[in-house]
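Q: Quick one, structure for this:
(2 chains)
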Protein chains: 2
Amino acid sequence: MCELLGMSANVPTDVVFSFTGLMQRGGRTGPHRDGWGIGFYEGRGLRLFQDPKASADSEIARLVQRYPIKSETVIGHIRQANVGAVSLANTHPFMREMWGRNWCFAHNGQLADFSPRAGMYQPVGDTDSEAAFCDLLNRLRTACTQQCCIEQFLPVIVAACQEYRSKGVFNCLLSNGDWLFSFCTTKLAHITRRAPFGPATLKDADVSVDFQAETTPNDIVTVLATEPLTDNEQWHVYAPGEWILWRGGEIVAQGQSQ
Amino acid sequence: MCELLGMSANVPTDVVFSFTGLMQRGGRTGPHRDGWGIGFYEGRGLRLFQDPKASADSEIARLVQRYPIKSETVIGHIRQANVGAVSLANTHPFMREMWGRNWCFAHNGQLADFSPRAGMYQPVGDTDSEAAFCDLLNRLRTACTQQCCIEQFLPVIVAACQEYRSKGVFNCLLSNGDWLFSFCTTKLAHITRRAPFGPATLKDADVSVDFQAETTPNDIVTVLATEPLTDNEQWHVYAPGEWILWRGGEIVAQGQSQ
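A: The predicted model follows:
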């Protein structure tokens, strides 16, 4: 299994605090030693860092922790391999261009007997996760056009996720830089921080932050994670089958699949 | 204008020495302050570092210089913007997945009145370079299939480059991780290092290396650059219209377009 990290904010925000917590689980406080990755949207660009090494030992992870990259939408992942060897090609998040936007995807879970139809997007590596991402984009390309908005994409995305869920465990994060879609079948939590901001303390490292000192009163920042990253705040736990679409740190649509 | 860096080798080789030379031209010994990027193939994976900052001041560039990533195929670029703002989305090299491989492309030059037909691959940013890369992939997808080999791709790639050349300056590097294609209209040089290896000294920084100490007798390593990076070796300068296909550090096909 793996762990996911997501962020949706209404102002470019660095994710260093949450990333520092997650990285400990990549070989120190958690068993996810088989690679890690994180993608930061900057405008229409996507800055992707990936490493098939354990995040707790990764020089590139240390750079990302030191170097506060500000973004409104972030998708991160640490991997404990089940399907597919430990390699760069099998390291999440995955990225594809569709309709002139960078789409980014990460998955926590495992799909059994998953053989999606071939389509334009093809996996480079051999994980079930990348195969599902390519299948999802192939379905969107078949069902929608470039002119469609997220409200038109959404039923296609939710229907695909429901189908994947029938094959196993499918917690995922997906974005095209404009919004962040999250789907839970077993484990996902979120917290939305807004004024008045307070202090937070990581579960996995001896690190605290006072968000009051780092924010303005209008900031809204939502963090998503497989397991809550802090131990002094109230995280909301997704129900199985629950999905939420985030934009600018706030919920713009949500639902519950059966 | 910009500068290109490429490497093709028969064993995973680090490109730290050449990269160190190129990075100086990104704001120190050269004017290419508008971003830089480098892609390293690792198996079927592509590790891409990009930054819209000047490479001479970039913390990520310093990491890449410190951290010897070994690869058989590398494409790098430093940018002096002409078409398109300075942004991550406009930073080379560009990447797309086609037929289950990561394709990577960087361009030095400028195309005038370039409006390629729309196709499946679309630019995310607004450079003529990314538009040309997308057009090239769209042509390949129309003319070839996944089962085609490079000998079948090559005429399509060369014909497209000849057409782009008629619109301006088009020096480029293109790879799918298996081979490295290079096309020159104005400026490109290469050097192939093999046993007996000797010392080399950078033009742009006070750095020397003794390749003898870092190689085995069977290593073959070709470096490509817009301008020679060392001053004590004999680089081969491409003729206008010349193209070379490299694999494992050696020439597998070459030609001259009119």
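Q: Tabulate the CA atom coordinates of stretch A:132-147 in PDB.
A: Taking Å, rounded to 0.1, in the frame of the first residue of the first chain, the C-alpha atoms of stretch A:132-147 are listed here in PDB:
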ATOM      1  CA  ALA A 132      -6.000   3.000 -14.300                       C
ATOM      2  CA  PHE A 133      -4.900   6.600 -14.900                       C
ATOM      3  CA  CYS A 134      -4.500   6.000 -18.700                       C
ATOM      4  CA  ASP A 135      -7.800   4.300 -18.800                       C
ATOM      5  CA  LEU A 136      -9.500   7.200 -17.000                       C
ATOM      6  CA  LEU A 137      -8.000   9.700 -19.500                       C
ATOM      7  CA  ASN A 138      -9.000   7.500 -22.500                       C
ATOM      8  CA  ARG A 139     -12.600   7.400 -21.200                       C
ATOM      9  CA  LEU A 140     -12.600  11.200 -20.700                       C
ATOM     10  CA  ARG A 141     -11.300  11.700 -24.300                       C
ATOM     11  CA  THR A 142     -14.000   9.400 -25.600                       C
ATOM     12  CA  ALA A 143     -16.800  10.900 -23.600                       C
ATOM     13  CA  CYS A 144     -15.900  14.600 -23.500                       C
ATOM     14  CA  THR A 145     -14.300  17.300 -25.600                       C
ATOM     15  CA  GLN A 146     -11.800  20.000 -24.800                       C
ATOM     16  CA  GLN A 147     -14.700  22.500 -24.400                       C
END
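Q: tell me the mean pLDDT over that stretch?
A: For stretch A:132-147, mean pLDDT rounds to 96.
Q: Stretch A:226-233 too?
A: 93.
Q: residue contacts, the closest residue to A:A81 other than its chain neighbours?
A: In space, and not counting its chain neighbours, A:A81 is closest to A:D34: 4.1 Å by Cβ to Cβ, 6 or more residues apart in numbering or on different chains. C-betas here are computed from N, CA, C, even on glycine. Shown in contact with A:D34 (Cβ atoms under 8 Å, 6 or more residues apart in numbering or on different chains): A:52, A:54, A:79-81, A:86.
Q: quick check, nearest of those residues to chain B?
A: Nearest to chain B among the contacts of A:D34: A:P52, at 7.9 Å, using Cβ to the nearest Cβ.
Q: residue contacts, the closest one?
A: A:34-35, A:86-88, A:90-91, B:42, B:45.
Q: same thing but at 6 Å, please
A: Counting by Cβ atoms under 6 Å, 6 or more residues apart in numbering or on different chains, A:P52 touches A:35, A:86-88, A:91.
Q: Is there a neighbour count for A:V83? I'd like the number.
A: 17 (other Cβ atoms under 10 Å in any protein chain shown).
Q: For beta bridges, what are the partners of the nearest residue to A:S58 once chain neighbours are set aside?
A: Distances taken as Cβ to Cβ, 6+ apart place A:D51 nearest to A:S58, at 4.6 Å, with adjacent residues excluded. For A:D51, the beta-bridge partners are A:W36 (DSSP bridges).
Q: Could you pull out the buried residues of the host helix or strand of A:V158?
A: Assigned by DSSP states H and E, A:V158 falls within helix A:150-165. Across helix A:150-165, burial judged by 16 or more other Cβ atoms under 10 Å in any protein chain shown covers A:153-154, A:156-158, A:160-165.
Q: And for stretch A:169-185?
A: A:169-177, A:179-185.
Q: That one - what's its average pLDDT?
A: 97.
Q: can I get the CA coordinates of it in PDB?
A: C-alpha atoms of stretch A:169-185 as PDB (Å, rounded to 0.1, in the frame of the first residue of the first chain):
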ATOM      1  CA  VAL A 169      -8.800  -0.700  -3.300                       C
ATOM      2  CA  PHE A 170      -8.900   2.700  -5.100                       C
ATOM      3  CA  ASN A 171      -8.100   5.800  -3.100                       C
ATOM      4  CA  CYS A 172      -6.900   8.400  -5.600                       C
ATOM      5  CA  LEU A 173      -6.000  12.100  -6.300                       C
ATOM      6  CA  LEU A 174      -6.400  13.600  -9.800                       C
ATOM      7  CA  SER A 175      -5.900  17.100 -11.000                       C
ATOM      8  CA  ASN A 176      -5.500  19.100 -14.200                       C
ATOM      9  CA  GLY A 177      -4.200  22.100 -12.300                       C
ATOM     10  CA  ASP A 178      -7.500  23.800 -12.000                       C
ATOM     11  CA  TRP A 179      -9.200  21.500  -9.500                       C
ATOM     12  CA  LEU A 180      -8.300  18.500  -7.300                       C
ATOM     13  CA  PHE A 181     -10.500  15.400  -7.400                       C
ATOM     14  CA  SER A 182     -10.300  12.900  -4.500                       C
ATOM     15  CA  PHE A 183     -11.900   9.500  -4.300                       C
ATOM     16  CA  CYS A 184     -11.800   7.200  -1.200                       C
ATOM     17  CA  THR A 185     -12.600   3.500  -1.000                       C
END
